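[1] Structure, please.
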Amino acid sequence: MPQPTHSASHPVVSQQHPARLGLGLAALGRPGYINLGHGEDTRTGRSIEAMRERAFAVLDTAWRAGIGYFDTARSYGRGEAFLGDWLRSREVPADFVTIASKWGYTYTADWRIEAEQHEVKDHSLAVLQRQWLETQANLGGSLDLYQIHSATLDSGVLDDQAVHAELARLKAAGTRIGLTLSGPRQSVTLEKALTLQVDGVRLFDAVQATWNLLEPSAGAALNTAHREGLAVIIKEALANGRLTERNQAASFQARRQRLETLAGRFKASLDAVALAAALARPWASVVFSGAATEAQLHSNLNAVDIPWDAEAEAEALTGAVTEDPAAYWQTRAQLAWN
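    Numbers count the residues shown, from 1 in each chain. Now for the predicted structure:
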């Protein structure tokens with residue numbers, strides 16, 4: 001496969017701003033997901049082989065476009081295996097990509113869309129040790145960053161010294177350590193995470209959090225993390241499809257009209273505008289596209305050409321667009337697997 005020109009950089013923190021696009025595999029590694037319209041994206045085939053071919057096609061498109069940051073998780077079905085197979089089959093140079101994965105959730109849907117439970121959360125030491133071995137089997141020496149998946153204060157993982165010690169051991173051996181955040185208390189969780197040290201060494205090198213035009217409340221905390229030297233990675237910039245043309249909810253129409261007016265000024269799609277807003281955060285190192293198809297990725301890529309400015313900032317980040325964090329996360333929890 002022809003290789004585009006990529007610039008080697010720090011394996012976690014990009015030294016270039018504005019932030020660069022990365023690709024998350026949440027919608028590529030399993031047949032069911034909560035993104036609006038995901039079932040439409042996979043209608044041409046949901047077998048393991050069909051999903052693998054689709055993942056490879058999107059990964060190929062991303063690589064040709066210059067994307068070199070790829071993120072997966074143990075709970076993304078076969079996401080790790082697909083990514084590892086793609087890296088090996090395409091002989092992607094390790095120095096030109098950043099590969100990240102997560103531990104703490106176990107995929108339990110058994111390749112079914114209407115499963116009773118799609119994943120089980122467990123941040124125990126035993127799960128970390130088991131999933132680390134599984135991740136190594138899939139990604140081997142390609143892994144750059146290993147993250148706690150959706151760390152919260154309630155899960156207890158930020159108080160578990162045995163887990164901290166194991167993560168510090170992995171870090172000392174050369175793998176950077178991060179955490180991802182979820183829920184209306186992302187900022188509080190991050191504040192605590194920034195205090196964690198093992199033997200006088202800060203535990204976390206990176207944080208991945210939700211930030212988007214509907215839910216930007218973690219911005220100040222993420223800026224603090226950036227100033228303290230962590231890589232900051234934005235996930236769910238499209239709010240699981242709620243910031244795309246697929247969102248036909250009556251409650252979104254006023255917001256949509258405002259954002260479409262902005263999109264018209266830039267001659268861009270709604271998804272590209274939402275991603276451009278995230279890319280404009282001065283504290284962000286990477287912003288994920290969660291594309292499930294090549295067409296979605298091509299549309300997302302247009303975000304890098306949008307000249308986000310003060311007028312766009314004032315128009316988009318207002319109370320007329322943003323939601324109350326608790327309401328946002330309640331809506332997300334009600335999104336159907338499809």
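
[2] Please count neighbours and contacts with C-alpha atoms only from this point.
    Will do.

[3] which residue is nearest the centroid of the protein?
    For the chain, Lys235 is the residue whose C-alpha lies nearest the centre (CA atoms, centre = their mean; 3.7 Å).

[4] Find the nearest non-adjacent residue to Asn212, please.
    Ala237 (4.6 Å; CA to CA, 6 or more residues apart in numbering).

[5] In three-state terms, label that neighbour for me.
    Under DSSP: H, G, I helix; E, B strand; the rest coil, Ala237 falls in the coil class.

[6] Might you report the residue contacts of it?
    Thr210, Trp211, Asn212, Leu213, Ala274, Leu275, Ala278, Val287, Phe288, Ser289 (CA atoms under 8 Å, 6 or more residues apart in numbering).

[7] how near is it to Thr244?
    In this view, Ala237 and Thr244 are 10 Å apart by CA to CA, to the nearest Å.

[8] Am I right that Thr61 is in contact with Glu294?
    Yes. Thr61 is in contact with Glu294 according to CA atoms under 8 Å; the separation is 6.7 Å.

[9] give me every residue that touches Ala336.
    Tyr33, Ile34.

[10] Secondary structure class of it, three-state.
    At Ala336 the chain is in coil, as set by three-state DSSP.

[11] same check, this time on Thr106
    strand.

[12] quick one: pLDDT of it?
    We have a pLDDT of 97 for Thr106.

[13] Report the beta-bridge partners for it.
    Note on Thr106: beta-bridge partners by DSSP bridges are Val120.

[14] And the helices in the protein, which stretches?
    38-41, 48-64, 79-89, 125-139, 161-172, 186-193, 219-227, 253-266, 270-279, 294-301, 310-316, 325-333 (DSSP state H).

[15] Make TSV from those helices and add distance to Ala109 to it.
    Formatted as TSV, the helices of the chain follow (distance: least, CA to CA, whole Å):
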stretch	distance to Ala109
helix 38-41	15
helix 48-64	13
helix 79-89	14
helix 125-139	17
helix 161-172	26
helix 186-193	27
helix 219-227	33
helix 253-266	34
helix 270-279	29
helix 294-301	25
helix 310-316	37
helix 325-333	17
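
[16] Quickly compare those helices and say which is most buried.
    Mean neighbour counts were compared across the helices of the chain using mean count of other CA atoms under 10 Å; the top stretch is helix 270-279, at a mean of 27.

[17] dump the residue contacts of the closest residue to Asp271 other than its chain neighbours.
    In this structure, Asp271 finds its nearest non-sequential neighbour in Thr244, 5.0 Å apart by CA to CA, 6+ apart. Counting by CA under 8 Å, 6+ apart, Thr244 touches Leu238, Leu270, Asp271.

[18] Compile those residues into CSV and extend it with columns for distance to Gly79.
    Formatted as CSV, these follow (distance: CA to CA, whole Å):
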residue, distance to Gly79
Leu238, 20
Leu270, 27
Asp271, 23
